[in-house]
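J.: predicted coordinates and the sequence they were generated for:
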Amino acid sequence: MNLYTIRLPKDFQPKADVETLALPFDTRQKSRFRATLASGIDIGVDLPRTGVLRSGAYIATQTDEALQIVAAAETVMQAVAADSFTLLKAAYHLGNRHVPLMLTPDAVYFEPDHVLAEMVEGLGLTVTTMQHPFEPESGAYAQHAHETRLRPLPVHH
């Protein structure tokens, strides 16, 4: 079984075609899992805990076999509004509940939850359950958490 242990840089460009692995959001959040490629080959993934595998990311084995991750279509709820302000209000209220959200200019997507669906319908949105790749926002601090460190202030005498 091939074991994928390396996250390749965002600017990685494969030299040849590589196999893709479609994964739902829940699996892409994990650093360790098993999966089966479309070719039927079983693989293991054991990556450093450095965040969600985004669609388009590449991972590799110690022997440089690369694999591209893609977001699989999964059951999500799509909320659309008649105007952008109503959509903005729904995004605000959903965000206050700290649920993963995928935002587009015309809709907000979230994992199936009838309570949240009723809430946004109450705000005037139309909610539809559908199959769609789910790539939620990572949050304001997610990408820079490891880069932005507080430095001690100089002491002035």
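T.: Good, I have the coordinates. Since this is a predicted model, take the numbers as computed values, not measurements.
J.: starting from residue 25, give me the distance back to the residue lying closest to residue 102 once chain neighbours are set aside.
T.: Distance criterion C-beta to C-beta, 6 or more residues apart in numbering; nearest residue to residue 102, sequence neighbours excluded, is residue 109 at 4.0 Å. Where C-beta positions appear, they are placed from N, C-alpha and C, glycine not excepted. Distance of residue 109 to residue 25, computed by C-beta to C-beta, to the nearest Å: 10 Å.
J.: identify the contacts common to the two.
T.: Residues touching both residue 109 and residue 25 (C-beta atoms under 8 Å, 6 or more residues apart in numbering) are 134, 136.
J.: residue 5 falls within a strand, correct?
T.: Yes. Counting by DSSP: H, G, I helix; E, B strand; the rest coil, residue 5 falls inside a strand.
J.: which ones are touching it?
T.: For residue 5, the contacting residues are 45, 46, 47, 60, 61, 62, by C-beta under 8 Å, 6+ apart.
J.: now do it, the pLDDT please.
T.: pLDDT, the model's per-residue confidence, is 97 for residue 5.
J.: again with residue 49
T.: 89.
J.: what's the local residue count around the nearest residue to it once chain neighbours are set aside?
T.: Computed as C-beta to C-beta, 6+ apart, the closest residue to residue 49 that is not its neighbour in sequence is residue 31, at 4.7 Å. Burial measure for residue 31: 14 neighbouring residues, criterion other C-beta atoms under 10 Å.
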